[in-house]
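Chemist: the sequence and its predicted three-dimensional model are supplied below.
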Number of protein chains: 2
Amino acid sequence: MELRPIGIIHSPYKNRGAAPYQGYKSEEISRIEVFKEFEEGLKDIEGFSHIIVIYWFHKSQGYHFLVKTPWDDSLHGLFTTRSPHRPCPLGLTVVELVARDKNILRVKGLDAIDGTPLLDIKPYIPSIDEKLPIKVGWLEGRLGKGRS
Amino acid sequence: MELRPIGIIHSPYKNRGAAPYQGYKSEEISRIEVFKEFEEGLKDIEGFSHIIVIYWFHKSQGYHFLVKTPWDDSLHGLFTTRSPHRPCPLGLTVVELVARDKNILRVKGLDAIDGTPLLDIKPYIPSIDEKLPIKVGWLEGRLGKGRS
């Protein structure tokens, strides 16, 4: 299965160490450049306040099945974490769409590093994407306590 | 960029016509088979009530930049829709994790068809994945009105 990027992410985070573990608390603006050839598919996207951005963790190399996260010192199953080191290195962030200028989207809350290949954009639709009630396993009570 | 599936989705929907447009209203159970070699990465996933499933739209062929959806008769920008026909045919659904038996996850709300290749599983974390306030563009007031 082969993928070809539809754009590139220009971000204030120049490397993994500079990026937040999750972007949702950040006020930084990233610029998503959708390649010109795909611009028509963005029609009316400015009507959406939030979008789902899917990208390629291009700096990811290899993975472990049990990983440590910033939230505690235990080892957790890879698929219960958002680690960028995964068999399919696909990143996913719901971001705020701040502005659009033609093929350029300015977004808030994206934690991808500069130069990250963009794979897809989907509308964020609360009635589809939000779920309740929620159990968050080992993360219960830990969010916001570690490096965020 | 190449991807190798980490599992396969066994679903009651044998083809695209049988699947709901979105799975979130369905009570049907799908069975996600994570290949044995990746099972260790599922450690403690049963602590999560909801997971994000990313998969390959393997029946998708080609795409259009302006598409019609079940919700109205207008043409909308592809990236403001959840159409399976996309440049990178990546599907994304937040599902309820009903049960786990070793490498098999039983989930509710998945709209993928039978035989869909599984690419990734991520924990669903409300504080990261839920956003407010929300504008949903052309979808405003339409959800739940068309075929769902």
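Modeler: Structure received. Since we're looking at a predicted model, the values are computed, not measured.
Chemist: what packs against the lengthiest strand in chain A?
Modeler: Scanning chain A for the strand with the most residues, using DSSP state E, yields strand A:90-101. Secondary-structure packing of strand A:90-101 (3 or more CB pairs under 8 Å, 6 or more residues apart in numbering or on different chains; DSSP states H and E): strand A:50-56, strand A:104-108, strand B:50-56, strand B:116-123. Where you see a C-beta, it was placed from the backbone N, CA and C, and this is true even at glycine.
Chemist: just the mean pLDDT for it, thanks.
Modeler: Averaging pLDDT along strand A:90-101 gives 96.
Chemist: mind listing the helices for chain A?
Modeler: A:126-129 (DSSP state H).
Chemist: quick one: the strands in it?
Modeler: A:7-10, A:29-34, A:50-56, A:66-69, A:72-77, A:90-101, A:104-108, A:116-123.
Chemist: quick one on the thing from earlier: what strands flank the longest strand of chain A, and is each parallel or antiparallel?
Modeler: Applying DSSP bridges to the sheet, strand A:90-101 is found paired with strand A:50-56 (antiparallel), strand A:104-108 (antiparallel).
Chemist: about what we covered before: now mean pLDDT too, for the helices and strands packed on strand A:90-101, in JSON lines please.
Modeler: Listed next are those as JSON lines, based on pLDDT from 0 to 100:
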{"stretch": "strand A:50-56", "mean pLDDT": "97"}
{"stretch": "strand A:104-108", "mean pLDDT": "97"}
{"stretch": "strand B:50-56", "mean pLDDT": "97"}
{"stretch": "strand B:116-123", "mean pLDDT": "97"}
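Chemist: identify whichever of those lies nearest to A:Gly137.
Modeler: The closest of those to A:Gly137 is strand B:116-123. By CB to CB, the value is 6.9 Å.
Chemist: list the helices and strands the closest one packs on?
Modeler: strand A:90-101, strand B:7-10, strand B:29-34, strand B:50-56.
Chemist: how does it look with 10 Å?
Modeler: In terms of contacts (3 or more CB pairs under 10 Å, 6 or more residues apart in numbering or on different chains; DSSP states H and E), strand B:116-123 is packed against strand A:72-77, strand A:90-101, strand B:7-10, strand B:29-34, strand B:50-56, strand B:90-101, strand B:104-108, helix B:126-129.
Chemist: apart from its chain neighbours, what residue comes closest to A:Gln61?
Modeler: The shortest distance from A:Gln61 to any non-neighbouring residue, by CB to CB, 6 or more residues apart in numbering or on different chains, is to A:His85 (7.3 Å).
Chemist: list the contacts for the residue lying closest to A:Ile54 once chain neighbours are set aside?
Modeler: Once flanking residues are discounted, A:Ile54 sits nearest to A:Asp120: 4.2 Å by CB to CB, 6+ apart. Contacts for A:Asp120 (CB atoms under 10 Å, 6 or more residues apart in numbering or on different chains) come out as A:3, A:5-7, A:52-55, A:90, A:92, B:78-79, B:86-92.
Chemist: now do the contacts for the residue most central in space within chain A.
Modeler: Nearest to the geometric centre of chain A sits A:Thr93, at 2.8 Å (CA atoms, centre = their mean). Neighbouring residues of A:Thr93 by CB under 10 Å, 6+ apart: A:22-24, A:30, A:51-55, A:82, A:107, A:109-112, B:128-129.
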